[in-house]
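>>> Quick one, fold the following:
(5 chains, ligands or ions: 5)
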Amino acid sequence: MNFELLLQLIVNGLIVGLLYGVVGMCFVLVYKSTQIVNFAQGEFLLVGAWVCWALLVYLQLPFFVGFLMSLAFMALFGVALQMIVLRPMIGEPIISVIMVTIGLSMFFQSLTKWIFGVAPESYPAVFDNQSLSIFGLNIELAYLMSTVIALIIMVGFYLFFKHSKHGLAMRATAFDQQVAQSLGISVKQVFAMSWGIAATVSATAGVVIGMVNGVSDSLSAIGIKVFPAVILGGLDSIVGAIVGGITIGVLENLAEFFDSQYLHFGNMYDIAPFYVLLIILWFKPYGLFGTKDIERI
Amino acid sequence: MTKPILQVEQISLAFGGVKALTDVSFEVPTGSVFSIIGPNGAGKTSMLNCISGRYRPNQGRIHFDGRDVTKLKPNDRADLGIGRTFQNLALFGHMSVLDNIMVGRHHLMKNNWLTGPLYWASPAQKEELAHRREVEEIIDFLDITHVRKSVAGTLSYGLRKRVELARAMALKPKLILLDEPMAGMNLEEKEDMARYICDLNEEFGITVVMIEHDMGVVMDISHQVMVLDFGKKLITGLPEQVMQDEHVKRAYLGLEEDDIMQEAG
Amino acid sequence: GEDSVFVGHLADMSGPTAFVGKVYADGVRDSLAYINANGGINGTNLEFETIDYAYKVPQAIASYKKWKSRKGMVAMQGWGTADTEALISFVAKDKMPLFSASYSGHLTDPQGKNPKTKKPAPYNFFYGASYSDSCRGLVQWAAEDWKAKGKSGKPKFTHIGANHPYPNAPKAACAAYAKELGFEVMPPVVISMKPGDFKAQCLTLKSSGSNYGYIGNLGGSVLSLVKSCNTVGTDIQFMSNIWGGDKKVFEAAGEGIKDYIFPTMTPFWSDEAPGMKLVREVSKMSDPSGEQPRLHHYIRGVCSAFFMKEAMEWAKDNGGITGENIKKGMYVKDNWVPQGLEGVCLAANWKADDHRGVNQVNIYKGNYNNGDVQIERVSQMTLERRSDWLGF
Amino acid sequence: MSSLSMRPCGDFRTSYKQDNTIYETKTIRRFAIVVIALACGAPWVLDAYYLTLFIQISYLGIAALGLNILVGFTGQISLGHGAFFGFGAFASAWMNQSFGIPVFLCIPLAGFLTMAVGMMFGMPAARIKGLYLAIATLAAQFIIEDFFGRAEWFSGGSAGSMAEPISLFGLVFDTDEKFYFIALFALVFMYIWGCNLMRSRDGRAFVAVRDHYLSAEIMGVKLNKYRLLSFGISSFYAGIGGALYAHYLGYVSAEGFTIFMSVQFLAMVIIGGLGSIKGTLMGVVFMVLLPEALEGGVGLMKATDWGNIPMVVDGLAYIKEMAIGLVIILFLIFEPQGLAHRWQQIKNYWKFYPFSY
Amino acid sequence: MTQAALKTAEPLLAINNIEVVYDEVIQVLRGVSIEVPEGQIVTLLGPNGAGKSTTLKAISGLLKSEDGEVTRGDIHFGTQRIDTQSPEQIVRSGLFQVMEGRRIVEDMTVIENLKLGAYTRSDNEINDDIEMVFRYFPRLKERTGLAGYLSGGEQQMLAIGRALMARPKMICLDEPSMGLSPLLVKEVFAIIDKINKEQGITMLLVEQNANYALKAADYGYILESGKIVLDGTREQLLNNEDVKEFYLGGGSDERKSFKNLKSYKRRKRWL
Ligand SMILES: Nc1ncnc2c1ncn2[C@@H]1O[C@H](COP(=O)(O)OP(=O)(O)OP(=O)(O)O)[C@@H](O)[C@H]1O
Ligand SMILES: Nc1ncnc2c1ncn2[C@@H]1O[C@H](COP(=O)(O)OP(=O)(O)OP(=O)(O)O)[C@@H](O)[C@H]1O
Ligand SMILES: CC(C)C[C@H](N)C(=O)O
Ligand SMILES: [Mg+2]
Ligand SMILES: [Mg+2]
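Numbering: from 1, shown residues only, chains lettered A, B, ... in the order given. Ligands and ions are numbered 1, 2, ... in the order given. Next up is the predicted model:
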């Protein structure tokens, strides 16, 4: 067995997985507070990454200035999106709302293609040294930066849901919008908040991935990629999203390892997580950390 | 009263630390109206859930109609003839009242996804219509003719309760379990409901197990009453006996003796 | 005889292959417009419509039907592998020549002579060497390169690409030839068509010690692959198919793309060739300033359109512009170069039993140095017309 | 109020049989028959473009109906319908090619084969619920798609596979005009099948499971059986639709059956109206005609002055895509319950006209 | 208190001739007017489907989320017109509804549910108020699991307790006694009374249990088929023959047995 390759793949999986985890968290945040499965999550990454790219390339802003500005923009973007599109949908069948997010995803994908074109673009170099060697594996500094950011975001999320009354309000809204309203919770505010946060945090991930792989419309594919991660962890669990993200990241890489070394099926890297997902769901129908539905009659 | 249709032997049920039921045993004679009363959270609904198969008791057995049903799935118990209604309405909200009741006939019908769609070219149509006829009788009986095509979810609470009863009756049950059939009803409607329950017991010969908080109703129409408190059986007996019990009075009714008759109305 | 004839033009300008699809489509579109503006088909007006079908097969079929029934289409300019193959039997039945940008090898057997051919494609044409033949050319180059570098032992060859018809088209054919030439053929490495993080795959490439990698994808995923493999530090010579190498790719990849090998069928925009004058005129149709540099895919589009045009001219003189006659027109000339495009389009030979119009591959090497893209020609290969390679 | 059912006012029925019909009134039934009769004459009036659109509507419509049975009637979201559709297409072609089974038999057989596959992937439905299940079907989508690319023996792998045209009694349905009749027949047949299913025992069980699975079980409905069966039936429909598609196109490519297609099916069903058979058809028509209509709109736009600036011309493709997304969004904002619901409201309005309540 | 006296007191809540339509076609209320004076308990009685819950939802602004709409008339709370306001504005102005069917947040604990009730508040006496709720309903204190697993009665207590947490001026209670044991019904009404007396919270009480409701209330309305058919003070209603017969049971002195009811219907005199 090629241990060196295995080790490198696992490290690679951990780091990429953490990023999935961050995107997954946003997904969970939106789900937890609005029950909406956001199919436009990937487009948040996309829009964020392009906006940041445009600020850096056209306006020649220093990286961190442009980065923060694009985050601010994304917060507004998330809130505005929610106000214009999702607010009228409050109280409508959940599946229709989900379909709306699919429509949004189509819209923004085409819009970014229209504005920025279909060719991938690279970010200007941010770090002097693009990569760092860990266990003999070169890892992009942007990824390490994202690891730090991810950890900060995670702790923030945890505290928010555990201790703030907005966290409670979000959960109540997710449970039953009518009840939430009757308690004086502004469902609109809750929605705006969660979409704003989700858009901002996702954009962070978008920028990081853009720095590593270039910005292009395929960034939005991450939106699909986090599905298995989120489900694995449990749709409504922030911790689950992280664990799920890391698991999927490592899984992909393990699949690549076994495929390339032994099986030679091809494509296992992309497909194996889905097999594992099915198996895990069979034994844990609510993922690893998801809360069970209350089945009382 | 003849041999018991339902025998519950030493049922215990716990949820984590909460002991919903502890060692409860009782028998329901065939053809009787048997009421379960007790404070909120005493485990009454849990008891019904054990009988209808929603919960699996941790201990004990349940015999229905001479069969041990403890391990059967809910749908198999429906086949055997246990019907029920629910405390927090459990209608099929988007279906019409008629369809709701027709679901009750499910286990009595034979057409399936292959023969059903061939409607005219299979016995399905005949079967559907035959059952429809019987369902209409139940609808007539419960006086819900005027809403039979309405969507169940938009009905008012009281009507929904009645539709639930109709659906349970459509099962052609030998035993029907009613979880607070009168809750949320005004006097007039309670009277109607009481009449239906008496009729279905007397005319159709269906045994009734009923949870109810309205003491007037319980006293008037039940043959036997069991009192549960904190998951334990307190007493079983004739309604009058039970009402006399000091413990029941204090823990459940919270009344002095004279008040009972007066308040119950 | 006719006042005007209709040509349908399918393009992917917004779908998954738009990266090059738009460029190629512009070439076709500008050419058709140019032909029209300059006398049409010897006086017959060339009416055309471009539909962006976003690489969706049903949309392509619907457009085809629409053109066929409503506009009386006589020939069609198409695009992708998936839709072209879906249309094979339709165009055969309707006698509708279809000039595609899918260079899939199994479009080249019009009569089903090769037992490996699944479906004869009598009405399909494309300008350029098939994916299989280009890959064979690259493998030949690789074998020479290996020798030239004085390395010993068996070089290792790996096919890299998504599990899709387009990247897969030459997979088996090319692997067979690589083996013939003494390569050790490694298990293929699958990367998705979309850009992404391919470090895992690069680690595999690295640990397997692969020497030559053929990339069957295009655009974005090529970039990602190169970047990821640089981070990981592989030592592999990448060779891509015709869609995977152009100036835009180098610019987008920036530093880090090194000695990247790819084939072309035409000169580049900045090259001087007699025919480039016409190409620049054509380009003015959508860019009056004439300044916008075009990628070589654009020029291939121009060739595709002008071959069609000349076949139509022949048809007009020989019984009228119908699909059947255009097809016949395709077989008339040997070593055929459309008039005015000398030095731009390679000499082509379509025969009734062999639609491998071009069997020549020009191989280039590209580098990016401090904001400058440098592309140099490294070799030119002429492929045999082996009968067992027909349609394969 | 509550007695205000969705029925025409003065409509009296004297038997349960009359009351159990698919169509609410005789007029509507006659109308339906006339429409079908008229539809039979279409090939003599309409050109192939319209026929193609209709044929598209029919095979997509059949598959979409299957999805609505699963999503709308049984309440389980599936994101893998496109893959099942593809499976039916390949399966039919494969059976015809490999075993020489006549095509008209292959189509229903493909339906059943797809049903089996659908039930295999539906198995988790016994344990998994809601969105978890939706994502499990997403997994099915990717796994099946991967299978198409991999299984040369079945799908021809990357090269795709050929599908013979349908032939019956020596008649080959290889042109749009001829295939149109197959499509029309299949559509009508499958829709009546669906209507009948939903008004008989198993159909009701599906809805019961959707609305309240706990009480459905207590009412005697075998929960797992019906959860699985609805996957089976929905895949059956997908398989039939896919097989028709295969034999219409004559060629099946592994590329066509992506998550995007699955999403499109979902859009049809939601836009049409969940749990409405009529609505499904409306949704399909909407989604098939939308791009075509926008194509026309784009053509008009190019003709205007402001529409002819380069930025817009170059972006027309994207504008079109954006418009599709936008139309879906706007549609759902204004009609979240789907076309069927709007239709119902219009009917109600006229029924009580001029009294609005 | 006489009717006249009631009318002169400035009502805290005034509903003026409202009509409500669901789904754009189904009319449920046909001109309902109700006044609730400050500090009093007013009860709204009526059979199933009369539109009682609809009236409450119209007050609290929750109709919109059910596709319902107030098409005519207006509702004033204090000096504000509230039928155009959003539910959360209404709650913030001090009007709280306890919805029919308890509607607690099942996947939260009792304490979390109570905290939710205090969502609109920003003071730091929330923990004191939780203690106060536990004083009213001691058994809630022992339930530490998820609220979804509470028994029906416990959930009802939680729902009322949650309303108290908002420190509202007025609470609308929709069938608070439904499904409670006799002892608890008594307790709940006692608590309602106590809350009204101790904290001066105005109440609009929708009830089926007319006996208790009328005893607790100062004034009552009877709603049938979307119209107010009768209103009056407690005494007036308690002595009304029809109310006695149809709502209280036993128009005559003798209580009928549920067992031997005649199945004919008597005409109500107000129809
Ligand atoms: N699924 C469950 N999980 C956890 N605890 C439960 C569950 N079902 C019931 N309980 C608990 O069991 C106890 C008995 O509940 P049950 O619903 O049987 O009471 P009940 O007698 O019907 O009361 P009520 O009259 O209020 O309906 C309660 O304390 C309740 O919290
Ligand atoms: N969301 C809705 N859509 C359509 N109709 C509705 C809706 N909600 C209630 N209705 C109808 O409005 C009428 C009044 O209902 P409401 O719930 O207000 O009655 P209620 O007086 O509270 O009855 P109960 O005592 O049974 O609770 C009923 O006929 C009901 O069918
Ligand atoms: C760029 C490619 C994806 C398109 C190409 N014409 C094909 O063969 O499909
Ligand atoms: Mg109970
Ligand atoms: Mg009510």
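>>> which residues of the stretch 151-265 of chain B fall in strands?
In the stretch 151-265 of chain B, the strands defined using DSSP state E, counting those that start in this stretch lie at B:175-179, B:207-211, B:224-229, B:232-237.
>>> Okay, the one residue in the stretch 51-200 of chain C that gets nearest to chain B and E:Leu13: tell me how far apart.
Going by C-beta to the nearest C-beta, chain B is nearest to C:Pro58 of the stretch 51-200 of chain C, at 27.9 Å. C-betas here are computed from N, CA, C, even on glycine. Remark: distance between C:Pro58 and E:Leu13 (C-beta to C-beta, to the nearest Å) = 60 Å.
>>> and what of D:Ala205?
As for D:Ala205, its distance to E:Leu13 is 47 Å (criterion: C-beta to C-beta).
>>> If you count surrounding residues, which of the two has more?
Applying other C-beta atoms under 10 Å in any protein chain shown to D:Ala205 and E:Leu13 shows that D:Ala205 carries more neighbours, namely 27 against 22.
>>> Is it correct that the more buried one is in contact with B:Arg105?
No: applying C-beta atoms under 8 Å, one finds D:Ala205 not in contact with B:Arg105, separated by 10.8 Å.
>>> Would you verify that A:Leu132 is located in a strand?
Yes: judged by DSSP: H, G, I helix; E, B strand; the rest coil, A:Leu132 forms part of a strand.
>>> and it, how many neighbours does it have?
A:Leu132 has 13 neighbouring residues, counting by other C-beta under 10 Å.
>>> Quickly list what it is bridged to.
In this entry, A:Leu132 is beta-bridged to A:Ile139, by DSSP bridges.
>>> That one touches A:Tyr143, doesn't it?
No: the pair A:Leu132 / A:Tyr143 is not scored as a contact, 9.2 Å apart, by C-beta under 8 Å.
>>> Which strands or helices does the host helix or strand of A:Val207 pack on?
In this assignment (DSSP states H and E), A:Val207 forms part of helix A:187-213. Counting contacts by 3 or more C-beta pairs under 8 Å, 6 or more residues apart in numbering or on different chains; DSSP states H and E, helix A:187-213 is packed against helix A:3-34, helix A:41-57, helix A:63-81, helix A:141-163, helix A:165-175, helix A:177-182, helix A:221-233, helix C:219-232.
>>> run the last query once more with 6 Å
Using 3 or more C-beta pairs under 6 Å, 6 or more residues apart in numbering or on different chains; DSSP states H and E, the elements in contact with helix A:187-213 are helix A:3-34, helix A:41-57, helix A:63-81, helix A:141-163, helix A:165-175, helix A:177-182.
>>> Quick check: the one residue in the stretch 201-350 of chain C that gets nearest to chain E vs D:Ser167, distance?
Nearest to chain E in the stretch 201-350 of chain C, going by C-beta to the nearest C-beta, is C:Ser224, at a distance of 41.8 Å. Going from C:Ser224 to D:Ser167 by C-beta to C-beta gives 48 Å.
>>> neighbour-wise, which of these two wins?
Between C:Ser224 and D:Ser167, counting by other C-beta under 10 Å, C:Ser224 is the more crowded of the two (28 against 14).
>>> what sits against the more buried one?
Neighbouring residues of C:Ser224 by C-beta atoms under 6 Å, 6 or more residues apart in numbering or on different chains: A:Asn213, C:Pro195, C:Gly196, C:Phe198.
>>> Now the third one: closest residue in space, sequence neighbours ignored.
Closest residue to C:Gly196 in three dimensions, ignoring its sequence neighbours and counting by C-beta to C-beta, 6 or more residues apart in numbering or on different chains: C:Ser224, at 5.6 Å.
>>> Counting neighbours, what do you get for the residue of the stretch 101-250 of chain E found nearest chain C?
Closest approach between the stretch 101-250 of chain E and chain C, counting by C-beta to the nearest C-beta: E:Asp107, at 36.4 Å. Residues lying near E:Asp107 (other C-beta under 10 Å) number 18.
>>> what about the lengthiest helix in chain C, distance to the chain center?
Secondary structure assigned by DSSP state H gives helix C:296-317 as the longest helix of chain C. Here the centre of helix C:296-317 is set off from its chain's centre by 15 Å, with C-alpha atoms, centre = their mean, to the nearest Å.
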